[in-house]
Structure formats: C-alpha cells, structure tokens
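Visitor: Here is my input, please return the structure:
(one chain, ligands or ions: 1)
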Amino acid sequence: MRVSEAAYELAVRLAKTGSPSPGPEARTIVAHVLGVEVSRLITVDGVTPEQQRLINELGERRAAGVPVQHLTGTAYFRHEILSVGPGVFIPRPETEVMVGWALDRLAERDSRVVVELCAGSGAISAAIGSEIGGVRLHAVELDPAAYRYLASNLEDYDADLRLGDMADAFGDLDGTVDLVIANPPYVPETMRPFLPSDVVDHDPSIALFSGPDGLDALRVLVGVAHRLLVPGGLVASEHDESHPDAVVELFTAAGFSDVTPHADLTGRARFVTAVKPLG
Ligand SMILES: C[S@@+](CC[C@H](N)C(=O)[O-])C[C@H]1O[C@@H](n2cnc3c(N)ncnc32)[C@H](O)[C@@H]1O
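Guide: Numbers count the residues shown, from 1 in each chain. Reported below is the predicted structural model:
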C-alpha cells in the first residue's frame, strides 16, 4: 500500500473514534513505524504488510485512548525531542510560552542559575539548557518513575538533578538562584471526573492533581521560590486557567513584587511571574 493511503486510512479510523487531530496523529504513527521523520514520509515508496500490521495495532491502541506520545515514546517541546512513556507527564505546548518568557529574562542577566521544581520529563530544563548559554541547571522531581525520564532526557546536559520533594530541595542553593521555574500539579481534585480519559488514565495523578482546590503544590512552591531566589531573582509558575487571581494572591502574600499574570497562545490565563524584591 502507498504511504499516503496508509496514513489516510488511519486518519479516517482515528477521526471516527474521536481523535482531536486525526491527520497529524496518523502521520506521526505511520512515520514512527516506518522509522522516518514525518517530513520524510513523502520519500518512502510503500508500506510492507508487516508495517501495515504494526500501524493497525498502534491505531487500535490510539483509538482505545493511549496518547500518541506513549505509542512513539517521544514528545516534542519547543526544539526538544523528549523520551516519555507511562509514569511521566507528557509536556504540553502551553508550557512553551512560559519557557519563552524565561529565556527572554535570562538573556538580560549575566548570572543564570536556574532551578526547575516539579521537573517531570525535564522538558523545561532541556529547552532552557539548549536555547541559552551560560546556564547552571538544577531540577527536582518527587516521583521515581518520572525521575528516570528526567535523568535520561538530561543526560547530555551538565545538570544537577535531584529525586525528592520540592518542599525541602536545594537548601544548599538558598538565596543564590536567578530563576525558579515550574509547571506543578494544579488540577483541583474536584475536576477529576471531568478530565478526558486519555489524560486521567495516562498522565500520573501526582502530576495532575493538587488538593481539593488544585493549589496545594503552588502554596509550597511560592515559599520554596522565595527561599531559593537571590534578591532581584525571578519566578515563573504555570497554573490552572481558573486560578490567575488566586496565584497572584499567593505570590503577593509570600512577599514577591511585580506579580504578573500571563496568557498562553490560546489566550487562557496560564502562568504567573514575580520578582523577589531587592531590599
Ligand atoms: C504537571 S507535571 C510537569 C512536568 C514537567 N515540568 C512538564 O512541564 O512537562 C508536574 C510534576 O511535578 C511532580 N511533583 C508533584 N509534586 C511534587 C513535589 N512535591 N516535589 C517535586 N515534584 C513534584 C510530578 O511528579 C510531576 O512530574
């Protein structure tokens, strides 16, 4: 069968089972089976019967709700290709905007000591480490399963990685950090029944939920950021789209200045940034 036909047939099947983006997902799966990048699919002559069998098998798993990133074992984030799978949160495009903000701010500073809290796959650290020079990277992750992906994705970076709770992480760096950045768990427990099954069934609960109102991790994070940052240092944290006012309040109450809400590319309130005052 021709490659375009195989991709088209799979896209039709995925569309019928409710995939939000059947064409791109079908091309990603076919390219994965053929061992080429999506942009090179056009150069492949045809699909062998064995490859077709694999495409059908992955198509069935996708139709059953398995995220396409778990089928291919990879996720794209800015310019990074990360290893992901069961046990680690799949990085989301909305986080890319916060990283862009952080890179712009780091570019203005001579000292670039960065701590990522709640690091998961390490998408944020990897992007910062590869998109700007002179950075000293530190990252912490609580869940051992996620930590394995973090260690693997950052093995080519000279990064200080720690397995543990952000609450008491990096005491040795207190008062010395230029940027603290995080995408913590922030979904209210009460929202669990309303999340799509491919999120609830495949992203780890510890990565998603954070107490009844979704703010438990952020309550810890504001204190940790304040402890770690040098005066004049910056913090950025993602949050649930329903939380901008509550998160602004948390940062303000923790003693930060310039507390600023930001939207993601879809215009939804998505992250808050703040500065530890100088004096
Ligand atoms: C929403 S995921 C974000 C992962 C990654 N930063 C990203 O953007 O793709 C949140 C991560 O925080 C971790 N986590 C939850 N509570 C934590 C804690 N108290 N200390 C450190 N990590 C924690 C979870 O295991 C999960 O990997």
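Visitor: who does the closest residue to residue 158 other than its chain neighbours bridge with?
Guide: Spatially, and ignoring its direct neighbours in sequence, residue 158 is nearest to residue 137 (7.4 Å; CB to CB, 6 or more residues apart in numbering). From N, CA and C alone the C-beta is placed, and that goes for glycine too. Counting by DSSP bridges, residue 137 forms beta bridges with residue 114.
Visitor: Show the pLDDT at residue 137.
Guide: With respect to pLDDT, residue 137 scores 98.
Visitor: Check the gap between the closest residue to residue 37 other than its chain neighbours and residue 165 for me.
Guide: If the residues on either side of it in the chain are set aside, residue 37 comes closest to residue 31, at 6.2 Å by CB to CB, 6+ apart. The gap separating residue 31 from residue 165 is 39 Å, by CB to CB, to the nearest Å.
Visitor: what's around residue 170, how many residues?
Guide: The number of residues packed around residue 170, counting by other CB atoms under 10 Å, is 21.
Visitor: unless I'm mixing things up, it is touching residue 114, no?
Guide: No. With contacts defined as CB atoms under 8 Å, residue 170 does not count as touching residue 114, sitting 11.2 Å away.
Visitor: what does the stretch 101-250 of the chain put close to the ligand?
Guide: Applying the criterion CB under 6 Å from any ligand atom, the portion of the stretch 101-250 of the chain that neighbours the ligand consists of 118-121, 123-124, 140-143, 146, 165-167, 183-185, 206-207, 217.
Visitor: Backbone torsions only: list them for residue 153.
Guide: Dihedral angles of residue 153 (phi, psi; degrees, to the nearest 10) stand at phi -70, psi -20.
Visitor: show me the contacts for it.
Guide: By CB atoms under 8 Å, 6 or more residues apart in numbering, the residues touching residue 153 are 80, 82-83, 121-123, 126.
Visitor: and the gap between the closest residue to it other than its chain neighbours and residue 133?
Guide: Nearest non-adjacent residue to residue 153, counting by CB to CB, 6+ apart: residue 122, 4.3 Å away. According to CB to CB, residue 122 stands 18 Å off from residue 133.
Visitor: Number of residues surrounding the residue nearest to residue 37?
Guide: 19.
Visitor: What residues sit buried inside the helix or strand harbouring it?
Guide: Residue 31 is located in helix 22-34, with elements delineated by DSSP states H and E. If you call a residue buried by 16 or more other CB atoms under 10 Å, then helix 22-34 has these buried ones: 22, 25-34.
Visitor: Tell me which stretches of this structure form helices.
Guide: Read by DSSP state H, the chain holds these helices, from start to end of the chain: 3-16, 22-34, 49-63, 68-72, 94-107, 123-131, 144-153, 197-200, 205-208, 216-228, 244-253.
Visitor: For residue 253, give me its contacts.
Guide: By CB under 8 Å, 6+ apart, the residues touching residue 253 are residue 222.
Visitor: One more: residue 192?
Guide: Residue 192 makes contacts with 200, 209, as judged by CB under 8 Å, 6+ apart.
Visitor: In the protein, what residue lies closest to the ligand?
Guide: Closest contact between the chain and the ligand, by CB to the nearest ligand atom, is at residue 120 (2.4 Å).
Visitor: Please list all residues in contact with the residue nearest to that residue when sequence neighbours are not counted.
Guide: With CB to CB, 6+ apart as the criterion, residue 120 has its nearest non-adjacent residue at 4.5 Å, and that residue is residue 89. Residue 89 makes contact with 120-121, 146, 203-204, 207-208 under the criterion CB under 8 Å, 6+ apart.
Visitor: One more: residue 45?
Guide: Contacts of residue 45 were listed using CB under 8 Å, 6+ apart, and they are residue 3.
Visitor: any idea how far it is from residue 20?
Guide: For residue 45 relative to residue 20 (CB to CB), the value is 31 Å.
Visitor: swap in residue 181?
Guide: Using CB to CB, one obtains 28 Å as the distance from residue 181 to residue 20.
Visitor: Looking at those two, which one has more neighbours?
Guide: Between residue 181 and residue 20, counted using other CB under 10 Å, the more crowded position is residue 181 (29 against 10).
Visitor: what about the nearest residue in space to the more buried one that is not next to it in sequence, how many residues close to it?
Guide: Using CB to CB, 6+ apart and skipping residues adjacent in sequence, the residue nearest residue 181 is residue 236, 4.9 Å away. For residue 236, the tally of surrounding residues (other CB under 10 Å) stands at 22.
Visitor: No more questions from me, cheers.
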